[in-house]
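Engineer: what follows is a predicted structure for the sequence shown.
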2 protein chains.
Amino acid sequence: MEHLYMQVAERIQTMIEKEVIRIGDKLPSVRSLSKEQGISMSTVFQAYYHLESKGFIEPRPKSGYYVKFSPRRMPEMPKICRPVKKATEVNVSDMITEVFYHLSDDDVLRFSLAAPPEELLPAAKLGKSMIQAMRDLPAGGVNYENLQGNVNLRRQIARMSLQWNGNITEDDIVTTTGCMDALTLCLSATTQPGDVIALESPAYCGTFQLAESLGLKVLEIPTNPVCGVDLEYLDKAIPKFKIKACVFVTNFNNPLGAVMPDKNKRELVKLMNKYDIPLIEDDIYADLYFGKLRPSSCKQYDRNGNVLLCNSFSKSLAPGYRVGWTMPGKYKDKVLRLKLNHSVSSATLPQAAIAHFLENGRYEHHLRNLRKQIHTQCLRYQQAIADYFPEDTCVTRPQGGYVLWLELNQSINTFEMYELAMKRKVSFAPGRIFSLQDRYNNCLRISHARPWSKQVEDGLKTIGKLAQQMMM
Amino acid sequence: MEHLYMQVAERIQTMIEKEVIRIGDKLPSVRSLSKEQGISMSTVFQAYYHLESKGFIEPRPKSGYYVKFSPRRMPEMPKICRPVKKATEVNVSDMITEVFYHLSDDDVLRFSLAAPPEELLPAAKLGKSMIQAMRDLPAGGVNYENLQGNVNLRRQIARMSLQWNGNITEDDIVTTTGCMDALTLCLSATTQPGDVIALESPAYCGTFQLAESLGLKVLEIPTNPVCGVDLEYLDKAIPKFKIKACVFVTNFNNPLGAVMPDKNKRELVKLMNKYDIPLIEDDIYADLYFGKLRPSSCKQYDRNGNVLLCNSFSKSLAPGYRVGWTMPGKYKDKVLRLKLNHSVSSATLPQAAIAHFLENGRYEHHLRNLRKQIHTQCLRYQQAIADYFPEDTCVTRPQGGYVLWLELNQSINTFEMYELAMKRKVSFAPGRIFSLQDRYNNCLRISHARPWSKQVEDGLKTIGKLAQQMMM
């Protein structure tokens, strides 16, 4: 006869399959299920372990068990992307302008925006740190900050790097005006106009535009939605296309959500050393992991100074503060000089406020809550996509970050769909803008940054319906 | 027989010549002199008017009369600068790094720094505006600001432009992360790597370095210490050297302090239209005038959108806030796109705080005091230079801004002098760094931003003595 715990597990599994309890839902606590069903707590534990091992549910620290997978309804994963093998002159698209120009318009439900909504940010506590910073700084912070950046902030960032065994000191860090500024400085420090750089494919459209504005050409590297760039391909492409720098998002990349396994990260750093070219590692999503541990960064394997890590607080704490940083390895002097030339220094108060926030342990606390929240949101959005989008829709299963990447039926042009959605005051990012080539026309990126609500559900329903209609 | 007022005036003039009362000193008030001397107030007024008309003294609003000139002791003006006629590949000098890298080191008396010292800045009042901004903004200002910049701030900046008849609306303005960021965006928007741009000579070394980092070549245009760039020369140079953009500081330029007369400004804009090239007008010192009225800006004569005015609050209110702006004329879309690509947007809170400060009339009030203060300082520094520097020293007579430009005896190398001064914990900016050519080796720039004190006087005495010694 079957074990009791197996019976319990099966009952729960059936409820998941029939969607009585759904992806993102919390299961009853061990204690309450034990009481309810008149079974021992250890039986409940065994049942939950069993379901966890089958991948249906997952525990979250200090919170309990959640449904994470339903075999019956979940769409497929998208396939690996194989871009055309040629370096393309970047050409800024009006499409991107159309989608991203008006960041602060409020009447549209923006699934296009991969930034944290204010409800999830600790505005009041950060405000207190700002006021404290004004008190602590000479003349309330009206003076120039040190060129390299607020030393307390750099110290805190160095401490945070312990989490991924980054052997980083405050002197290895240069603060910047957000992550895009860090990328701008690092790309300017490592390339000349006309150079070819490598990006993932699909990749964040802002990076393409930055490359264009610096007069660079871009080669897109095939990228697996789970484990990131194809290293074998890259190894051949570097000498063939005379690639002068790589810009990769190694953790929860945008838009695929891929994370390079440690082995690949080590391999990638080796490649950089082999050809002595820099890797600009955009690590902006790394702290937004859904699992137990922060993934590693390539920077941790960097012994030669070829990795320039870039990051910011814009995705996790305060986009409007414009505080980012880079660990520019052996390019530090060049980056500092460019920072001096282009902006003299970064704003004094925002750096000091965030330093104070970190010093008091508030950031770690906030991140724990934020991660829990966006993980739940991610699962709920996935469920809604499974519910409302056409059957043949593929969707990624990111383990961190803010975005889902969807592949729709080949017959659907998602930019046309975008225009229809905008008429209904809903937006998303059409796939086409994540490549310089004529690709991903049937893909789209949906941000799950906005907390779940009826309005969100209706928005996703609207997009799903449009997709259904466009297939007819 | 001579009028009574003439006798009074002559007595005062003698005291000025004998340096009993000195440049920068305040004269007795009309009322007190009238009492003291037993003469009518109108006689005193007549005496003062007379001395004013001769250029010895000047009235300052709500403050009284000040000594501004002493014929016996004032050094000569430097001659017009005639740089070599060739476009030079920019090569960032280690000298500049040496002089400017460590902005926040405090043990050195820095006459090299043309930034307002914190004593002159309204830190407490601005702090209140910051706190108010945090209260007023949704979520305390953690969100991204609109790409073009805080609309209240842009409105206030547009209002300020009324002072120079700039027909500017908030929609013509893009905020930036300080003035260097504005210059970076404007230069990037109007040039390609390899292009030739025109700068004044001497010119601010930071602009040379910016040009280098963007891969530009620089042609230096001869510049008169009183009325700015030589327009006849420029008219010939533009076609000859295929100049693609001009970057000029038209008001109180750095380091000469020259102000282009209105006629020249109009002429310059005509030249830009004739060749259809942009003028990037760095107007960062314009509000720091010593006279009664703000000088005009070329932007006011711009009908074709060829003038890109750049400015910031860094020289007048809060360097550490990093808030600047540009009025980019017909290049607005390109500047906006570059801003989006390189930095997403500018920090939210500093913009809102300064907007609040301006809206409440605090900026105008502060500027009035600041101008008075730095004018007095300027005169005192000039006097000290007359006192302590060698007889053949030439010095500029700026009518605004923070800097004096000195020409010493040809035998003196001011970079060597700089190194000796640094051993005595005093710094200035050696002339050589204000050109790409091997020029101005006997010149130096002294900032009079620091309020007058015994320490300042001793510092200037130290430099003067070094100059005396180096001539032997």
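Structural biologist: Now that the structure is in, tell me what you want to look at.

Engineer: what's around A:Ile463, how many residues?
Structural biologist: 27 (other C-beta atoms under 10 Å in any protein chain shown). Glycine gets a C-beta too; all of them are placed from N, C-alpha and C.

Engineer: surely it touches A:Ala429?
Structural biologist: No. Applying C-beta atoms under 8 Å as the test, A:Ile463 and A:Ala429 come out as separate, 11.7 Å apart.

Engineer: so what sits against both of the two?
Structural biologist: A:111, A:444, A:446 (C-beta atoms under 8 Å, 6 or more residues apart in numbering or on different chains).

Engineer: the first one and A:Lys315, how far apart?
Structural biologist: Taking C-beta to C-beta, to the nearest Å as the measure, A:Phe111 falls 16 Å from A:Lys315.

Engineer: so those two - more neighbours on which side?
Structural biologist: Each of A:Phe111 and A:Lys315 has its neighbours counted (other C-beta under 10 Å); A:Phe111 has more, 25 against 22.

Engineer: next, that one: phi, psi?
Structural biologist: phi -80, psi 0 (degrees, to the nearest 10).

Engineer: residue contacts, it?
Structural biologist: Counting by C-beta under 8 Å, 6+ apart, the residues that A:Phe111 touches are A:426-429, A:446-447, A:450, A:459-460, A:463.

Engineer: ok, 6 Å please
Structural biologist: A:428, A:446-447 (C-beta atoms under 6 Å, 6 or more residues apart in numbering or on different chains).

Engineer: once you drop chain neighbours, what's closest to A:Glu448?
Structural biologist: No Glu there; residue A:448 is His. A:Tyr381 (4.0 Å; C-beta to C-beta, 6 or more residues apart in numbering or on different chains).

Engineer: for whatever helix or strand that neighbour lives in, packing partners?
Structural biologist: Per DSSP states H and E, A:Tyr381 falls inside helix A:362-388. Using 3 or more C-beta pairs under 6 Å, 6 or more residues apart in numbering or on different chains; DSSP states H and E, the elements in contact with helix A:362-388 are helix A:454-470.

Engineer: hmm, back to that, tell me the pLDDT of the residue nearest to A:His448.
Structural biologist: Predicted confidence (pLDDT) for A:Tyr381: 95.

Engineer: report the helix or strand with the lowest average pLDDT across chain A.
Structural biologist: For chain A, using mean pLDDT, DSSP states H and E, the weakest element among its helices and strands is strand A:88-89, scoring a mean of 52.

Engineer: centre of the chain to the helix or strand just after that strand, how far?
Structural biologist: Of the helices and strands lying after strand A:88-89 in sequence (DSSP H and E), the nearest is helix A:94-100. Here helix A:94-100 is found 20 Å from its chain centre; the criterion is C-alpha atoms, centre = their mean, to the nearest Å.

Engineer: what's next to helix A:94-100, contact-wise?
Structural biologist: Contacts for helix A:94-100 (C-beta under 6 Å, 6+ apart): A:112, A:205, A:429, A:433.

Engineer: picking that back up, closest one of the contacts of A:Phe111 to B:Val174?
Structural biologist: A:Ser447 (26.6 Å; C-beta to C-beta).

Engineer: quick check, that closest one in contact with A:Val403.
Structural biologist: Yes. With contacts counted by C-beta atoms under 6 Å, A:Ser447 reaches A:Val403, the gap being 5.3 Å.

Engineer: and the nearest residue to A:Phe290 once chain neighbours are set aside, how far from A:Lys454?
Structural biologist: Residue nearest to A:Phe290 in three dimensions, not counting chain neighbours: A:His375, with 4.1 Å by C-beta to C-beta, 6+ apart. Look at A:His375 and A:Lys454: by C-beta to C-beta, they are 21 Å apart.

Engineer: quick one: low-confidence residue ranges for chain A.
Structural biologist: Residue ranges of chain A with pLDDT under 70: A:1-2, A:71-74, A:81-93, A:100-106.

Engineer: can you give the domain ranges for it?
Structural biologist: A:4-67, A:93-118+A:365-470, A:123-363 (automatic domain parsing).

Engineer: can you put these in TSV and add distance to B:Thr326?
Structural biologist: As requested, the domains of chain A are exported to TSV (distance: least, C-beta to C-beta, whole Å):
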stretch	distance to B:Thr326
domain A:4-67	46
domain A:93-118+A:365-470	18
domain A:123-363	14
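
Engineer: which of these is buried the deepest?
Structural biologist: A comparison of the domains of chain A by mean neighbour count, using mean count of other C-beta atoms under 10 Å in any protein chain shown, puts domain A:123-363 on top with a mean of 22.

Engineer: first-to-last residue distance for that domain?
Structural biologist: End-to-end distance of domain A:123-363 (C-alpha to C-alpha, to the nearest Å): 12 Å.

Engineer: how far does that domain sit from the chain's center?
Structural biologist: Averaging C-alpha positions (C-alpha atoms, centre = their mean) puts domain A:123-363 13 Å from its chain's average.

Engineer: same check on stretch A:57-74?
Structural biologist: 21 Å.

Engineer: which residues touch A:Ser188?
Structural biologist: Contacts for A:Ser188 (C-beta under 6 Å, 6+ apart) come out as A:Leu338.

Engineer: that one: which element?
Structural biologist: Element membership of A:Ser188, judged by DSSP H and E, is helix A:179-190.

Engineer: helix or strand next in line after that helix, which one?
Structural biologist: strand A:196-201.

Engineer: can I take it that A:Arg445 is in a strand?
Structural biologist: Yes. Counting by DSSP: H, G, I helix; E, B strand; the rest coil, A:Arg445 is part of a strand.

Engineer: looking at the contacts of helix A:94-100, which are in strands?
Structural biologist: Per DSSP state E, strands hold the following members of the contacts of helix A:94-100: A:Ala429.

Engineer: excluding chain neighbours, what is closest to A:Phe252?
Structural biologist: Here the residue nearest A:Phe252, using C-beta to C-beta, 6+ apart, is A:Gly401, at 3.4 Å.

Engineer: then A:Gly320?
Structural biologist: Per C-beta to C-beta, 6+ apart, closest to A:Gly320 is B:Thr348, 3.3 Å.

Engineer: you'd agree that neighbour is up against B:Asn146?
Structural biologist: No. Taking contacts as C-beta under 6 Å, B:Thr348 lies outside contact range of B:Asn146: 9.2 Å.

Engineer: enumerate every residue touching A:Pro319.
Structural biologist: A:115, B:144.

Engineer: how close does it get to B:Leu349?
Structural biologist: Counting by C-beta to C-beta, the gap from A:Pro319 to B:Leu349 is 12 Å.

Engineer: likewise A:Pro255?
Structural biologist: Where B:Leu349 is concerned, A:Pro255 sits at a distance of 30 Å (C-beta to C-beta).

Engineer: does A:Cys443 have any beta-bridge partners, and if so which?
Structural biologist: A:Cys443 has the following beta-bridge partners by DSSP bridges: A:Glu407.

Engineer: unless I'm mixing things up, it is touching A:Glu407, no?
Structural biologist: Yes. Counting by C-beta under 6 Å, A:Cys443 does reach A:Glu407; the two are 5.2 Å apart.

Engineer: now do the same contact list for A:Met260.
Structural biologist: A:228, A:250.

Engineer: near chain B, which residues of chain A?
Structural biologist: Within chain A, the positions adjacent to chain B are A:103-104, A:118, A:121, A:123, A:127, A:134, A:139-144, A:146, A:177-178, A:180-181, A:184, A:193, A:209-210, A:213, A:318-320, A:322, A:338, A:341-344, A:347-348, A:350 by C-beta under 6 Å from any C-beta of the partner chain.
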